[in-house]
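*Asks:* test case, fold it:
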Amino acid sequence: MNKPAQPTADAFLAAIIDSSDDAIFSIDAHGNVSSWNRGAERLLGYPSAEAIGLTVRVLFRPDGDESHGDVLARIRNGESVDAFETTLQSKDGTPVDVSLALSPIRTSDNGAVGAAAIARDIRDRKRLEFAPPRLAAIVASSDDAIISKDLNGIVTSWNAAAERMFGYTAEEMIGRSITTIIPTERLQEEDNVLAHIRAGLPVEHFETVRLHKHGRLIDISLTVSPIRDGGGSIVGASKIAREITEHKRLIEAQRLAAAMEEAAKRQLLEAENRRVREANRLKGEFVANMSHELRTPLNSIIGFAELIADERLGPVGARYPEFARTMLNSAQHLLRLINDILDLAKVESGKIELEPQRVVVRDLIEDVTSIIKGIAKERKISIAIDVDPSIDVLHLDPIRLKQVLYNYLSNAIKFSRDGAQVILRVRPEGAEHFRIEVQDFGIGIRPEDFNRLFVEFQQLDATSSKQFQGTGLGLALTKRVIEAQGGTVGVESEPGAGSTFFATLPRNVTARSANLTSSSSRTKSAVAESAERDR
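*Replies:* Numbers count the residues shown, from 1 in each chain. The predicted structure follows:
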């Protein structure tokens, strides 16, 4: 039986060299690379086919160690070069820290024909060797206090910033408990911090107070992280403390400035409120005075115009009754305008009087429509009334409700076409409210004009040649009167198809729900007064 072939010594050596993690290569007597293993390919970046034949000088950095020339000279003389640390250059120019050893390659008669080189990557070790001094430099130059302690709270390091911040030197604090700089009332904080550290948890940006050597308190922001040994066990804690006394002072200054600004705004607001209250008081006095001063002469004009128009004191001539009726209509119109303005002033100043009482809905509607029918008849406009039977008796201010109905109905008639119909509906709105709707089939309103409808002195057609006359007070006053009694107003409309104005009110209005009361004597609203007289 044949024995298996045994590898030659050269084949065995070649396999070892090729599988080594170290860069192993050889150079001939002229300094050119003659062999190149996989480790060399990985470390220096040259493929074997590219490296063989290159001069070994390409591996040395141009600005590198000047001893490289001596090394090559020693190799040519057949000398060995023990391992030494140097820097080679990879194919892409990256410096590579290595430990390099070279041995001469000799012929059988002991003549040197080249050298074998072994280069070991020592970059990781270099970084580790450099890290402690670099870290020490960072700690020493930091403006933050950087302190380390063991799990018993004993200080093990204390940088220069800690000396400046707390007043203790490193010699005074190393080996001493960290509680030296913790106020008595905050000692529990240290127990909590150590508990977090033992559990492997950091404490980040914890604002607290620490004690200076001379007794003053220092506001700091504290971050604490666990320190682990080579086996991963927690052996202590690293603390970074940043003084925030100035930061806290700035925040407090900003808070005080904001408080002072707020106080100044409150004073200005109070002064403005006093001014507004005084203006409202004067307005109230004006309203009270003008109610009498304006209405008294107008009532006289209206009364005498009625006498003349009706010829109650005897014939006055063929044309004078017509003049008297024109004068009467103008005076009544003027009185309505004056009363609208006075009522609006009362609402704004909180002086409007409300007298809620029992109201039979159909009777109240009959009173209003009997007045408005005269205007409707001239335009051949019919008024349809639709009252839900469940809305029979209410408790509210009848004069104010008449005012709302009169304004809605007169507007509907004004903007309706001759011969059209206006519908008045009264419907329940839940258990505690009811809804009034007045629908016309007139010109309608564009959606973009809705927000102008209930604003004082606003009219959709404000040109000098406007078709529909008016002051723009009726709907504004309606809105104020409804809201004063805890209700709401609104409109639904389509241009060219007509509009529906509505209002919702509580079925039981009280002085409290209206939030507008007065102990002064009762003054009837503008439209109501003229409506009662016309009727």
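*Asks:* the residue nearest to the spatial centre of the chain and Arg249, how far apart?
*Replies:* Centroid check for the chain by Cα atoms, centre = their mean gives Ala258 as the closest residue, at 19.7 Å. Distance, Ala258 to Arg249, using Cβ to Cβ, to the nearest Å: 15 Å. C-beta coordinates here come from the backbone N, C-alpha and C atoms, glycine included.
*Asks:* ok, now Ser330?
*Replies:* From Ser330 to Arg249 the distance is 75 Å (Cβ to Cβ).
*Asks:* same question for Met327.
*Replies:* Taking Cβ to Cβ, one finds Met327 at 79 Å from Arg249.
*Asks:* quick one on the thing from earlier: the residue nearest to the centre of the chain: helix or strand, and which one exactly?
*Replies:* helix 245-310 (DSSP states H and E).
*Asks:* so Arg507 sits against Gly430, correct?
*Replies:* No. With contacts counted by Cβ atoms under 8 Å, Arg507 stays clear of Gly430, the gap being 9.4 Å.
*Asks:* strands of the stretch 301-450 of the chain, start to end?
*Replies:* 357-360, 382-387, 393-396, 421-429, 433-440 (DSSP state E, counting those that start in this stretch).
*Asks:* which one of those strands is the most hemmed in?
*Replies:* Mean neighbours per residue, mean count of other Cβ atoms under 10 Å, is largest over those for strand 433-440, with a mean of 21.
*Asks:* and that strand, what does it pack onto?
*Replies:* helix 398-414, strand 421-429, strand 498-506 (3 or more Cβ pairs under 8 Å, 6 or more residues apart in numbering; DSSP states H and E).
*Asks:* kindly reformat these as CSV containing mean pLDDT and distance to Asp28.
*Replies:* Shown next, in CSV, are the helices and strands packed on strand 433-440 (pLDDT from 0 to 100; distance: least, Cβ to Cβ, whole Å):
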stretch, mean pLDDT, distance to Asp28
helix 398-414, 88, 114
strand 421-429, 94, 109
strand 498-506, 93, 108
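*Asks:* looking at those, which is closest to Gly31?
*Replies:* strand 498-506 (105.5 Å; Cβ to Cβ).
*Asks:* tilt between the closest one and helix 398-414?
*Replies:* Taking axes from the mean of the first three to the mean of the last three Cα atoms, to 10 degrees, one finds strand 498-506 and helix 398-414 inclined to each other by 170 degrees.
*Asks:* direction included, what does strand 498-506 pair up with?
*Replies:* Neighbouring strands of strand 498-506 in its sheet, by DSSP bridges, are strand 433-440 (antiparallel), strand 488-494 (antiparallel).
*Asks:* got the CA positions of it in CSV?
*Replies:* The C-alpha trace of strand 498-506 is given here as CSV (Å, rounded to 0.1, in the frame of the first residue of the first chain):
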residue,chain,number,x,y,z
GLY,A,498,-83.7,84.7,-1.1
SER,A,499,-82.6,84.7,2.5
THR,A,500,-83.6,83.2,5.8
PHE,A,501,-82.6,85.2,8.9
PHE,A,502,-82.9,83.3,12.2
ALA,A,503,-82.4,83.8,15.9
THR,A,504,-82.3,81.3,18.8
LEU,A,505,-83.3,82.3,22.3
PRO,A,506,-83.9,80.6,25.7
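*Asks:* got a list of contacts for it?
*Replies:* With Cβ atoms under 8 Å, 6 or more residues apart in numbering as the test, strand 498-506 has contacts from 396, 401, 404, 408, 411-412, 415-416, 429, 432-445, 475, 478, 482, 485-493, 513.
*Asks:* give the next helix or strand downstream of the host helix or strand of Ala49.
*Replies:* Ala49 is part of helix 48-51 when elements are defined by DSSP H and E. Remark: after helix 48-51, the chain's next helix or strand is helix 68-76, criterion DSSP H and E.
*Asks:* I'd like to know which elements that next one is packed against.
*Replies:* Helix 68-76 packs on strand 81-89, strand 95-106, strand 112-121, going by 3+ Cβ pairs under 8 Å, 6+ apart.
*Asks:* give me that answer again for 7 Å
*Replies:* For helix 68-76, the elements it packs on are strand 81-89, strand 95-106, judged by 3 or more Cβ pairs under 7 Å, 6 or more residues apart in numbering; DSSP states H and E.
*Asks:* make CSV out of those and add mean neighbour count and distance to Ala117.
*Replies:* Output for the helices and strands packed on helix 68-76, formatted as CSV (neighbours: other Cβ atoms under 10 Å; distance: least, Cβ to Cβ, whole Å):
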stretch, mean neighbour count, distance to Ala117
strand 81-89, 16, 9
strand 95-106, 18, 5
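*Asks:* take those strands and write them to a markdown table, including mean pLDDT.
*Replies:* Shown next, in a markdown table, are the helices and strands packed on helix 68-76 (pLDDT from 0 to 100):
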| stretch | mean pLDDT |
| --- | --- |
| strand 81-89 | 87 |
| strand 95-106 | 88 |
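*Asks:* can you tell me which of the ones you listed is nearest to Thr55?
*Replies:* The nearest among these, by Cβ to Cβ, is strand 81-89 at 12.8 Å.
*Asks:* please compute how far the closest one lies from its chain's middle.
*Replies:* 63 Å (Cα atoms, centre = their mean, to the nearest Å).
*Asks:* also stretch 197-214?
*Replies:* Worked out by Cα atoms, centre = their mean, stretch 197-214 lies 32 Å from the chain centre.
*Asks:* and that stretch, average pLDDT?
*Replies:* Averaging pLDDT along stretch 197-214 yields 90.
*Asks:* what does that stretch contact?
*Replies:* 151, 166-168, 181-183, 186, 189, 193, 196, 217-226, 234, 237, 244 (Cβ atoms under 7 Å, 6 or more residues apart in numbering).
*Asks:* just the ones in strands from those residues, please.
*Replies:* Using DSSP state E, the members of those that fall within strands are 217-226, 234, 237.
*Asks:* now for these: which two are most distant?
*Replies:* Leu217 and Ile234 (30.3 Å).
*Asks:* quick check: buried residues in stretch 184-197?
*Replies:* For stretch 184-197, the neighbour count (16 or more other Cβ atoms under 10 Å) marks 189-190, 193-194, 196-197 as buried.
*Asks:* out of the residues you listed, who's nearest Ala15?
*Replies:* Nearest to Ala15 among the buried residues of stretch 184-197, counting by Cβ to Cβ, is Ile197 at 51.9 Å.
*Asks:* got the contact list for the residue nearest to Ile227 when sequence neighbours are not counted?
*Replies:* Once flanking residues are discounted, Ile227 sits nearest to Gly236: 4.2 Å by Cβ to Cβ, 6 or more residues apart in numbering. By Cβ under 7 Å, 6+ apart, the contact list for Gly236 reads 148-151, 156, 227.
*Asks:* nearest to Leu72 among the residues you listed?
*Replies:* Of these, the one sitting nearest to Leu72 (Cβ to Cβ) turns out to be Ile227, at 47.6 Å.
*Asks:* and the closest one, how many neighbours?
*Replies:* Counted by other Cβ atoms under 10 Å, the residues lying close to Ile227 total 16.
*Asks:* wait, doesn't it sit right on Lys239?
*Replies:* No. Using Cβ atoms under 7 Å, Ile227 is not in contact with Lys239, being 10.2 Å away.
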